[in-house]
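Enquirer: Sequence and predicted structure below; questions after.
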Amino acid sequence: MKTCHSEYGQIDRVILKPADSAFKNQMKINNEWKELNYLSPVIFEDSLEEYRNFMDFFQVQGSQILALPPSETSLDSIYCRDTSLATDYGMIFCTMGKKARLPEPKAIQEFCEEKGIPVLGQITSPGTCEGGDMCWLDEKTLAIGHTYRTNLEGIRQIKSLLEPKGIEVLTVELPHYKGPTDVFHLMSIISPLDKDLAMVYSALMPIYFREELLKRGFQLVECPEEEFESMGCNVLALAPRKCLIVKGNPISTKRLREVGCEVIEYEGQEISQKGCGGPTCLTRPLERII
Ligand SMILES: NC(=O)NCCC[C@H](N)C(=O)O
């Protein structure tokens, strides 16, 4: 069956924002990277090459790609997961917690409306939330991180849209970690890879949430401390136990292979490492097959 309420099923349809549409040119990169807190300036030409290879993984497995066009948004628009949540009742568009990203949801909303993708609602100010803070644990359960990007009012609004549909929304209180200028989402510490398997970084996970995952039957694969910053914990399932990870995370990759995952490493120096967004951030999956 097809559902949007999954992080692990085979991706049937996905929204992407290709590097040329997000980054546009070297001048835009040079103007924006510092203010957006990138580690260093992206090399535009190299990012195009990396993105072509990244997109191929979806093409090869026959996922339908909906490519967002250029818009009046920042470099961060490449991380299109954060703009929205896909549900079986329609899209929910976010109000971004990072100010520089505020124009992004409107651009994706216009695109979805043009494509005839149904809309369930919007999170409105003072509520904020970002897609990277929302993670389906199963078809009836959404976990949502309370972070500097997603506030309690944003969570209240998500609940008011989903609870009447019978969805349980679990709030996960996340720590300050590196503070408000850093990017730290719920999906920085959990990536589901099958109905009962997830990559996690337990050191930053509240005990009750970790116990909840175990209670629900998840086997947890630990991302080691030395690979947390290089996004060893940010792994995208293309299909159950078939996943994408950014190159440079050999221990995480090995641990995933040991539990039977097919792991594909991609070159992500420009499109992932410099902007601190892994493969889950680069993609807004719509329906998956479970
Ligand atoms: N879901 C994610 O973890 N997204 C990464 C977003 C990175 C981007 N530079 C940001 O600060 O929002």
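Expert: On my side now, so go ahead. Everything quoted here is computed from the prediction, not taken from an experiment.
Enquirer: in stretch 107-115, what counts as buried?
Expert: Using 16 or more other Cβ atoms under 10 Å as the test for burial, stretch 107-115 gives 107-109, 111-112. For every residue, glycine as well, the C-beta is placed using N, CA and C.
Enquirer: just stretch 272-288 next, same as before
Expert: By 16+ other Cβ under 10 Å, the buried positions in stretch 272-288 come out as 272-288.
Enquirer: now, which of those lie close to the ligand?
Expert: Subset of those in contact with the ligand: 275-277, 281, counting by Cβ under 6 Å from any ligand atom.
Enquirer: List just the nearest of those residues to residue 145.
Expert: residue 281 (13.7 Å; Cβ to Cβ).
Enquirer: Kindly list the main-chain dihedrals of the closest one?
Expert: When quoted as degrees, to the nearest 10, the phi and psi of residue 281 stand at phi -70, psi -30.
Enquirer: Wait, it touches residue 76, no?
Expert: No - using Cβ atoms under 8 Å, residue 281 is not in contact with residue 76, being 9.3 Å away.
Enquirer: Name the residues contacting each of those two.
Expert: residue 82 (Cβ atoms under 8 Å, 6 or more residues apart in numbering).
Enquirer: Can you find the residue of the chain that comes nearest to the ligand?
Expert: residue 132 (2.4 Å; Cβ to the nearest ligand atom).
Enquirer: Near the ligand, which residues of the stretch 1-150 of the chain are found?
Expert: Counting by Cβ under 6 Å from any ligand atom, the stretch 1-150 of the chain sits next to the ligand at 36, 76, 79, 81-82, 98, 101, 132.
Enquirer: what does the stretch 151-290 of the chain have sitting close to the ligand?
Expert: 183, 185, 187-188, 275-277, 281.
Enquirer: Just put those in a markdown table and tack on pLDDT and secondary structure.
Expert: Formatted as a markdown table, these follow (pLDDT from 0 to 100; DSSP: H, G, I helix; E, B strand; the rest coil):
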| residue | pLDDT | secondary structure |
| --- | --- | --- |
| 183 | 96 | coil |
| 185 | 98 | coil |
| 187 | 98 | helix |
| 188 | 98 | helix |
| 275 | 98 | coil |
| 276 | 98 | coil |
| 277 | 98 | coil |
| 281 | 98 | coil |
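Enquirer: re the thing from before, in TSV: the buried residues of stretch 107-115, plus pLDDT.
Expert: As requested, the buried residues of stretch 107-115 are exported to TSV (pLDDT from 0 to 100):
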residue	pLDDT
107	98
108	98
109	98
111	98
112	98
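Enquirer: Let me know the closest of those residues to residue 192.
Expert: Of the buried residues of stretch 107-115, the one sitting nearest to residue 192 (Cβ to Cβ) turns out to be residue 108, at 22.7 Å.
Enquirer: Mind telling me what element that closest one is part of?
Expert: helix 104-114 (DSSP states H and E).
Enquirer: what's the first-to-last distance across stretch 21-36?
Expert: Across stretch 21-36, the terminal residues are separated by 17 Å (Cα to Cα, to the nearest Å).
Enquirer: Okay, buried residues for that stretch please.
Expert: Buried residues in stretch 21-36 (16+ other Cβ under 10 Å): 21-24, 29, 32-33, 36.
Enquirer: Turn the residues you listed into TSV, including pLDDT and secondary structure.
Expert: Below are the buried residues of stretch 21-36 laid out as TSV (pLDDT from 0 to 100; three-state DSSP):
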residue	pLDDT	secondary structure
21	98	helix
22	98	helix
23	98	helix
24	98	coil
29	98	helix
32	98	helix
33	98	coil
36	98	coil
